[in-house]
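# Provided below are the primary sequence and the corresponding predicted coordinates.
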Amino acid sequence: MEPSIPLRIAYAFVSLAVITVYGLLLIGSMARISAKVQGRVGQPVWQPFIDIIKSSGKRNSISHGIMFWLGPVFRLAGGVGTYMFVPAVLGSVVFQNFSMSGDLLLVMYFIFFGQLGMALGASEGGHPYSAIGVSRGLAQMTAFEVPFALSIISIAVQYGTLDITKIVMAQQGGWQHWTLFTNPLAVVAAMIAFLGMSMHNPFSVVIAPQEIPIGPPTEYQSNLLGMLQTNRAVFNGAKLVLYMNLFFGGATNVPVMVVKTFLIYFINIFVGQAFPRFRVDQSIRFFLGVPTLIGIAAVVFIAF
Amino acid sequence: MSDMKFTRALADPDHALKPAGRPGPLGKPLVLANDGLPEEEKAWFCDAYPTASGPYKGILENFLNWARSKSLWILGFGTGCGAIELRPLMTSRFDMYRFGIQPRPTPRQSSVFVIGGYASVKTLKRIVRSYEQMMGPKFVVALGSCTINGGMYWDSYNTINAIEHYIPVDVYIAGCMPRPEALLAGFKELQRKIRRGECEGAVKYAENFEWYKANQKKVIHDWNMPDYNY
């Protein structure tokens, strides 16, 4: 039975709360795994929670204008928007969110919406590093969008739909039905784009510590920073759930969702710990090279 | 620069922190002069006094103090030779991340300012700018003997002797140089102090703003920045 609209909204809040907590724990545990790779003990798993409480509990806050305030709001809206239109757990009433026909296009838009909002807000801060970070971010975004979009086109052709729920349904009935095995080229192209989207090494040109220290959020502090940190968790969670749904057969219960998203995110850390950072031009050229060709091959392969 | 200042700072660090008979900027809409700036640039900068927010009490504040003590973000600004002792803290041998301590490249986001040893007058100018741009509550850890009484630079022509005459300090770590272990011990002490609610440097700075400013202007002669960088 379809739940009533108020109930669905209430469920959406529950779903959002769960993904926020899960996303923060995921960031914390990945930081700890990175620490182990470097031979350290590492921060506690719950450190992101403490950081957010501390940032939000600051006593002063400054603003550089209305757009400066709206930047993190847009960013958070992008994260929440992405998550709200992806069914996190297939068949679950609570985690169904607001998935509907054609939501794949909407989600693709929402993924980039937050970055654009952040670009406007960060530029208002007036710090040169913000502007450099923003221009790098937008350039890299444009680059990794090409293999990502090609991959999406490929699976849209494959399943004949733009409805994420239907794409997940089509992958049920065993691992051999996953897109990973029915359309591996699209998955490879999309996973490379995912590395760029997550901005871990070697694609960490936007935040780029030691280079343009911290990039766009240079001027953000206090509660605005807390908002950005929260969004990081929500947005990560949303992207992971989207990838799980599109390429790895989705999930029919929460434990499966947790395991799959953890493993997808782990690919980032695996690559990030193994490779140093690209320069900006290298990063952009990389996406427009082999990954784009793989994406085109995926489209051609599936269309004929 | 005199023996008197040297001994006074050692004997009673709080002695000079009580401004005599000054009407406080609190509650009064005073405007800073910003005399160091050219006329056409004055409109670009803030001309308000800092306002003291806090100290607060209560369960919520205790909880926030706990969170603050567990999430110390160091401003990545090595002000002297002591900054070399900060680097090993990130390595696997000392691993400050265990205690929730991490470096942060921008003053807006950081909460701990580590004064790494001697501060020359030129650096002091940047220290003041960076410190004022940090969001309260903010904490200062002064590292090495030079920050306490000048150390081996105590009669230098271009090095200030006691950093706490210019910005409020929460924890001193003595030594020349203190080892990274000493730094970690200092950070643990800072965490204890924050949890006890004793680290209200930002409030102290706002309340004694004119005293601090006068001290700063006494040594920084080419004052070409706003009086309060916010």
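Done, it's in. Residues are numbered from 1 along each chain as shown, chains lettered A, B, ... in the order given.
# wait, what's in contact with the residue of chain B found nearest chain A?
Nearest residue of chain B to chain A: B:Pro105, at 2.9 Å (CB to the nearest CB). Any C-beta I mention is one placed from the backbone N, CA and C, and that applies to glycine too. If you count contacts by CB atoms under 8 Å, 6 or more residues apart in numbering or on different chains, B:Pro105 has them with A:209, A:213-214, A:218, B:76.
# quick one: which of those is nearest to A:Ser99?
A:Ile214 (34.9 Å; CB to CB).
# still on that earlier bit, need the three-state assignment for the nearest residue to the residue of chain B closest to chain A once chain neighbours are set aside.
Nearest residue to B:Pro105, sequence neighbours excluded (CB to CB, 6 or more residues apart in numbering or on different chains): A:Pro213, at 2.9 Å. Applying DSSP: H, G, I helix; E, B strand; the rest coil to A:Pro213 yields a three-state assignment of coil.
# Next to chain B, which bits of chain A? Give me the list.
Taking CB under 8 Å from any CB of the partner chain as the measure of proximity, chain A contacts chain B at A:31, A:35, A:38-44, A:47, A:50-51, A:53-55, A:57-62, A:209, A:213-214, A:217-222, A:225.
# Give me the number of neighbouring residues for residue 34.
If you meant another chain, say so; for now it's chain A. Neighbourhood size, A:Ser34 [other CB atoms under 10 Å in any protein chain shown]: 18.
# that's the wrong chain, I wanted chain B
Neighbour tally, B:Asn34, other CB under 10 Å: 20.
# Equivalent analysis for A:Gly126, please.
13.
# residues contacting the nearest residue to it once chain neighbours are set aside?
Nearest residue to A:Gly126, sequence neighbours excluded (CB to CB, 6+ apart): A:His64, at 6.2 Å. By CB under 8 Å, 6+ apart, the residues touching A:His64 are A:124-126, A:219.
# Which helix or which strand is home to A:Val271?
helix A:254-274 (DSSP states H and E).
# returning to what we had before: I'd say the residue nearest to B:Pro105 and A:Pro128 touch.
No. Counting by CB atoms under 8 Å, A:Pro213 does not reach A:Pro128; the two are 11.3 Å apart.
# sec struct for the most far-flung residue of chain B relative to its centre, please.
The C-alpha centroid of chain B is most remote from B:Glu40, which lies 30.2 Å away (CA atoms, centre = their mean). Three-state call for B:Glu40 (three-state DSSP): helix.
# mind checking how far it is from B:Asp222?
B:Glu40 sits at a distance of 19 Å from B:Asp222 (criterion: CB to CB, to the nearest Å).
# that older thread, mind listing what's buried along the helix or strand that the helix holding A:Val271 is followed by?
Tracing the chain past helix A:254-274, the next element assigned as helix or strand by DSSP H and E is helix A:280-288. By 16 or more other CB atoms under 10 Å in any protein chain shown, the buried positions in helix A:280-288 come out as A:280, A:283-284, A:286-287.
# got the residues of chain B near chain A?
Going by CB under 8 Å from any CB, the residues of chain B near chain A are B:53-54, B:63-64, B:67-68, B:70-71, B:76, B:91-92, B:95, B:97-98, B:100, B:102, B:104-106, B:108-109, B:111, B:135-137, B:202, B:230.
# Please flag which of these sit within helices.
B:63-64, B:67-68, B:70, B:202 (DSSP state H).
# For the buried ones among the residues of chain A next to chain B, write the corresponding ChimeraX selection.
Buried residues within these, by 16+ other CB under 10 Å, are selected in ChimeraX with:
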select /A:31,35,40,42,43,44,47,50,51,53,54,55,57,58,59,60,61,62,213,214,217,218,219,220,221,222,225
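# where do the strands sit along chain B?
All strands of chain B, identified by DSSP state E, fall at B:72-75, B:101-104, B:112-116, B:139-143, B:171-173.
# can those strands go into a markdown table with extra columns for distance to A:Gln140, mean pLDDT and mean neighbour count?
Below are the strands of chain B laid out as a markdown table (distance: least, CB to CB, whole Å; pLDDT from 0 to 100; neighbours: other CB atoms under 10 Å in any protein chain shown):
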| stretch | distance to A:Gln140 | mean pLDDT | mean neighbour count |
| --- | --- | --- | --- |
| strand B:72-75 | 26 | 91 | 22 |
| strand B:101-104 | 23 | 89 | 20 |
| strand B:112-116 | 32 | 91 | 26 |
| strand B:139-143 | 36 | 92 | 26 |
| strand B:171-173 | 41 | 93 | 23 |
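# wait, which of the ones you listed is closest to A:Gly237?
Minimum separation from A:Gly237 across the strands of chain B (CB to CB) falls at strand B:101-104, 22.6 Å.
# helices or strands next to that closest one in the packing?
Contacts defined by 3 or more CB pairs under 8 Å, 6 or more residues apart in numbering or on different chains; DSSP states H and E place strand B:101-104 against strand B:72-75.
# Kindly export the strand it packs on (C-alpha atoms) in PDB.
Extracted in PDB, the C-alpha atoms of strand B:72-75 (Å, rounded to 0.1, in the frame of the first residue of the first chain):
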ATOM      1  CA  LEU B  72      41.400  21.300  18.000                       C
ATOM      2  CA  TRP B  73      42.200  22.600  14.500                       C
ATOM      3  CA  ILE B  74      45.700  24.200  14.400                       C
ATOM      4  CA  LEU B  75      46.200  27.200  12.200                       C
END
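# ok, the residue nearest to B:Leu89 when sequence neighbours are not counted - contacts?
Nearest residue to B:Leu89, sequence neighbours excluded (CB to CB, 6+ apart): B:Met96, at 4.2 Å. Shown in contact with B:Met96 (CB under 8 Å, 6+ apart): B:89-90, B:102, B:184, B:187.
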